[in-house]
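Participant: got a predicted structure plus its sequence, pasted below:
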Amino acid sequence: MINNLNDGMVWGLLPLFFAGAGLAIKQIGIIAAIYPFVWGLSQLATGALSDKIGRKGMIASGCAFKQ
């Protein structure tokens with residue numbers, strides 16, 4: 001739930017921040033498109049990796065990096 005809140009706040013506020021910094025709508029759109037593209041590619045990579053090495057270690061390391 002917190003991740004969804006973070007994503008919602010970031011994607012609601014970042015375009016306003018970028019517009020305030022003088023970026024054009026096209027530039028803001030490109031920046032906004034990069035995030036889901038990278039997220040989708042990383043899902044493919046980490047999904048395949050977790051099938052090979054297991055999920056528990058990856059989950060534990062992900063929790064350690066968030067703190």
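Facilitator: Arrived safely, thanks for sending.
Participant: in the helix or strand harbouring Leu5, what's buried?
Facilitator: Following DSSP states H and E, one finds Leu5 within helix 2-20. Under the neighbour-count criterion of 16 or more other CB atoms under 10 Å, helix 2-20 has 15, 18 buried. For every residue, glycine as well, the C-beta is placed using N, CA and C.
Participant: now the element after it, going C-ward?
Facilitator: Next along the chain after helix 2-20, with elements defined by DSSP H and E, is helix 25-53.
Participant: how far does that following helix sit from its chain's centre?
Facilitator: Between the centre of helix 25-53 and the centre of its chain there are 7 Å (CA atoms, centre = their mean, to the nearest Å).
Participant: and if you look at stretch 16-34?
Facilitator: Centre-to-centre, stretch 16-34 and its host chain are 16 Å apart (CA atoms, centre = their mean).
Participant: on that earlier part again, by how many degrees do the helix holding Leu5 and helix 25-53 diverge?
Facilitator: Relative orientation of helix 2-20 versus helix 25-53 (axes from the mean of the first three to the mean of the last three CA atoms, to 10 degrees): 150 degrees.
Participant: helices or strands up against helix 2-20?
Facilitator: The elements that helix 2-20 packs onto, with contact taken as 3 or more CB pairs under 8 Å, 6 or more residues apart in numbering; DSSP states H and E, are helix 25-53.
Participant: what does the average pLDDT come to for the helix it packs on?
Facilitator: The average pLDDT for helix 25-53 rounds to 87.
Participant: so which bits of the helix or strand immediately after that helix in the chain are buried?
Facilitator: Note on helix 25-53: by DSSP H and E, the next helix or strand toward the C-terminus is helix 55-66. Residues of helix 55-66 classed as buried by neighbour count (16+ other CB under 10 Å): none.
Participant: helix 55-66 vs helix 2-20, what angle?
Facilitator: 50 degrees.
Participant: what sits up against stretch 12-23?
Facilitator: Stretch 12-23 is contacted from outside by 25, 27-28, 31-32, using CB atoms under 8 Å, 6 or more residues apart in numbering.
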